[in-house]
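Participant: when you get a sec, could you give me coordinates for this:
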Amino acid sequence: MKIGLLGGTFDPIHIGHLIIAERMREALALDRVIFIPAGRPPHRPVPAASAPERLEMVRLAIAGNEAFTFSEIELGRSGPSFTYETVQALLSEYGPGHEWHLILGLDAFREIGTWHRLAELVQLVQFAVADRPGFRPPEAVPPGVRYQRLELGLFPVSGREIRERAARGESIRYLVTDAVYRYINSRRLYRPAEVRPETAAPKTGKGR
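Facilitator: Predicted coordinates:
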């Protein structure tokens, strides 16, 4: 089976993430794409939404697509979430005989030389790199890196933009799925001026 891995804070998950996943699935003939919400990403600020809230938004966003699933593997860790450790755990969970593709944007790919245990990671996965507006390909890549770069013609939407719009009380409709839009509104996420209800843990379980 050919499996794509798409990690991120998903704070919130938005249409850009879903378009990347679907176009990569199609371009690489992936059988499955696993969305992996980050626990404590080592190179990014602490997410604004809680881990249960981000997981629930992922679950809502991918519902109905049989090729999409999710993993909670990073959310249970107390320390930083490193890609190598996540991939190793998933390989153990799924067993041998699969082809793994790590999906990421060109902005993140430019920084892979700094990644934890990269020399070992490149033996486990191939990189599926989505072009990002405003970013040039790296002049050189570390030894052993196998990658494909795809021009997906993506709409420039970001989680930061969505959070800022929500904080200002502006519409985020069509930047996220309808289900995620309703969830954000019901939880009053990203609205610091309002009192938010106590975070409720969503129904969880391993993605299929």
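Participant: and the helices in this structure, which stretches?
Facilitator: Counting by DSSP state H, the chain has helices at residues 15-28, 51-62, 83-94, 106-109, 118-121, 159-167, 178-187.
Participant: which positions in the fifth one come out as buried?
Facilitator: Just to be clear, that refers to helix 118-121. Residues Leu118, Leu121 are the ones in helix 118-121 that count as buried (16 or more other Cβ atoms under 10 Å). In this view, the C-beta of every residue, glycine as well, is placed from N, C-alpha and C.
Participant: and for the fourth one?
Facilitator: Counting neighbours by 16+ other Cβ under 10 Å, one finds that the buried residues in helix 106-109 are Leu106, Ala108, Phe109.
Participant: now do that helix, average pLDDT.
Facilitator: Averaged over helix 106-109, pLDDT sits at 90.
Participant: output that helix as PDB, nothing but the C-alphas.
Facilitator: Coordinates of the C-alpha atoms in helix 106-109 are reproduced here as PDB (Å, rounded to 0.1, in the frame of the first residue of the first chain):
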ATOM      1  CA  LEU A 106       8.300  23.700  -0.100                       C
ATOM      2  CA  ASP A 107       8.800  26.100   2.900                       C
ATOM      3  CA  ALA A 108       9.300  23.100   5.300                       C
ATOM      4  CA  PHE A 109      11.300  21.100   2.800                       C
END
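Participant: thinking again about what came up before, among the helices of the chain, which gets the worst mean confidence?
Facilitator: helix 106-109 (a mean of 90).
Participant: not counting it itself, show me its contacts.
Facilitator: With contact meaning Cβ atoms under 8 Å, 6 or more residues apart in numbering, helix 106-109 is reached by Phe127, Val129, Ala130, Asp131, Arg132, Phe135, Pro137, Pro138, Tyr147, Arg149.
Participant: please report how far the closest residue to the last one other than its chain neighbours lies from Leu152.
Facilitator: If the residues on either side of it in the chain are set aside, Arg149 comes closest to Val129, at 4.5 Å by Cβ to Cβ, 6 or more residues apart in numbering. Val129 sits 10 Å away from Leu152, going by Cβ to Cβ, to the nearest Å.
Participant: higher neighbour count, the two?
Facilitator: Shown here are Val129 and Leu152; by other Cβ atoms under 10 Å, Val129 has more neighbours (25 against 16).
Participant: Phe68: which of the buried residues of helix 106-109 is nearest?
Facilitator: Nearest to Phe68 out of the buried residues of helix 106-109 is Ala108 (Cβ to Cβ; 20.2 Å).
Participant: quick one: that closest one from Phe127, how far?
Facilitator: Counting by Cβ to Cβ - Ala108 and Phe127 are separated by 10 Å.
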